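Trainee: Generate a structure from the sequence data that follows.
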Amino acid sequence: MTEAPGEVPLAPAARFLPSLAAVYRAQLSRTRVARVPLLFVATFQSIGIMILMRGVVDGGAGDEATAVVAGSAVLVVAFVALNQLAQYFGQLRATGLDHYATLPVPAGAVVLGVAAAYASFTVPGVVVTAVTGALLYQLPMGGLWLLIAVVPLTGAALAGLGAALGLLAPRPELATLCGQLGMSAALLLGVLPAGRLPEPLRWTRELLPSSYGVDALAEMFGPRPDAALIIGHLAVCAAVGVVTLALATWAYRRAATR
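Mentor: Below is the predicted model of the structure:
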């Protein structure tokens, strides 16, 4: 096919993996500067919850203690990956998707790169919270290595959900509200022991992606962790992460074409 006189050929679209790496590096650098105070708040909030709950929950590897520590650690991920990402994409959508919409960058690379940067940003806070909780509740620290899987898988599920909420909300204020409600659900249904919840809330808890990361980490704190149960919980997190990130990618393309 020959080009018409005077036409300038379009530049080829950027490849997915290099685009993903570029977005990730740019967002991680931007997030490190702007979000450090928020990470401190998220970590301090989770540790404060554990200190308050210590007054009514005994130490040791019981169901209640493991639920409080695991839920508080994952709450750091929810605060940043769900709440903050919903706000970020809500504002990004309101401004015409910023400069990304003008670049030949695949939509999936933008969503995955931003989500990965926000999820990575939570790692220090999650580790500090989990170690502090294990010391406070006299839990074994040998199972903390599972954070290597819990943080990225739970972070992917919550980040995809946060991005989708931000991109689908008609106004930034509603995106912020949805992010806040999601974090509140992670606090109520994740930190409180499941056995103490009313039956309707237990069913609601099953719909919250972060609860599976909480249950996997709590199982590792137990005296005899069930490997099959842990793998099952993490598999659910991974499956939900694929679905929510795909939904966020579709929402990004939808917003970019409007």
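Trainee: ranges for the helices of the stretch 1-150 of the chain?
Mentor: Assigned helices in the stretch 1-150 of the chain, in chain order: 16-34, 36-53, 63-77, 85-94, 107-121, 123-136, 147-168 (criterion: DSSP state H, counting those that start in this stretch).
Trainee: between those helices, which gets nearest to Val191?
Mentor: Minimum separation from Val191 across the helices of the stretch 1-150 of the chain (Cβ to Cβ) falls at helix 63-77, 3.6 Å. Where C-beta positions appear, they are placed from N, C-alpha and C, glycine not excepted.
Trainee: which of the residues in the closest one are buried?
Mentor: Along helix 63-77, the positions that meet the burial threshold by neighbour count (16 or more other Cβ atoms under 10 Å) are 64-77.
Trainee: For the helix ranked longest in the chain, list every residue counted as buried.
Mentor: The single longest helix within the chain, with elements called by DSSP state H, is helix 227-256. Going by neighbour count (16+ other Cβ under 10 Å), the buried part of helix 227-256 is 230, 233-234, 236-238, 240-241, 244-245, 247-252, 255-256.
Trainee: now it and helix 85-94, what's the angle there?
Mentor: Angle, helix 227-256 to helix 85-94, by axes from the mean of the first three to the mean of the last three Cα atoms, to 10 degrees: 20 degrees.
Trainee: which strands and helices sit next to helix 227-256?
Mentor: The elements that helix 227-256 packs onto, with contact taken as 3 or more Cβ pairs under 8 Å, 6 or more residues apart in numbering; DSSP states H and E, are helix 85-94, helix 107-121, helix 147-168, helix 209-221.
Trainee: Show me what the following helix or strand past the longest one is in contact with.
Mentor: Next along the chain after helix 147-168, taking DSSP states H and E as the criterion, comes helix 172-186. Outside of helix 172-186, the residues that reach it under the criterion Cβ atoms under 8 Å, 6 or more residues apart in numbering are 74-75, 78-79, 82-87, 89-91, 93-94, 158, 161-162, 165-166, 169, 204, 208, 210.
Trainee: still on that earlier bit, and the longest helix of the chain, what's its mean pLDDT?
Mentor: Averaged over helix 227-256, pLDDT sits at 91.
Trainee: again with stretch 196-206
Mentor: Taken as a whole, stretch 196-206 has a mean pLDDT of 84.
Trainee: Check stretch 139-157 too.
Mentor: Stretch 139-157 comes out with an average pLDDT of 91.
Trainee: Regarding it, how distant is the last residue from the first?
Mentor: End-to-end distance of stretch 139-157: 27 Å, with Cα to Cα, to the nearest Å as the criterion.
Trainee: which of the residues in it are buried?
Mentor: Buried residues in stretch 139-157, defined by neighbour count with 16+ other Cβ under 10 Å: 139, 143-144, 146-147, 149-157.
Trainee: Pull the most distant pair out of these.
Mentor: Taking Cβ to Cβ, the two most distant members of the buried residues of stretch 139-157 are Leu139 and Ala156; they sit 25.7 Å apart.
Trainee: hang on, the earlier thing: what subset of the contacts of helix 172-186 is buried?
Mentor: In the contacts of helix 172-186, burial by neighbour count holds for 74-75, 78-79, 82-87, 89-90, 93-94, 158, 161-162, 165-166, 169, 208, 210, counting by 16+ other Cβ under 10 Å.
Trainee: Excluding residues flanking it in the chain, which one is nearest Val128?
Mentor: In space, not counting the residues next to it along the chain, Val128 is nearest to Thr43; the distance is 5.6 Å by Cβ to Cβ, 6 or more residues apart in numbering.
Trainee: Make sure the one you found is actually in contact with Thr129.
Mentor: Yes - using Cβ atoms under 8 Å as the test, Thr43 is close enough to Thr129 to be in contact (5.8 Å).
Trainee: Looking at the two, which one has more neighbours?
Mentor: Regarding Thr43 and Thr129, a neighbour count based on other Cβ atoms under 10 Å identifies Thr129 as having more, with 27 against 24.
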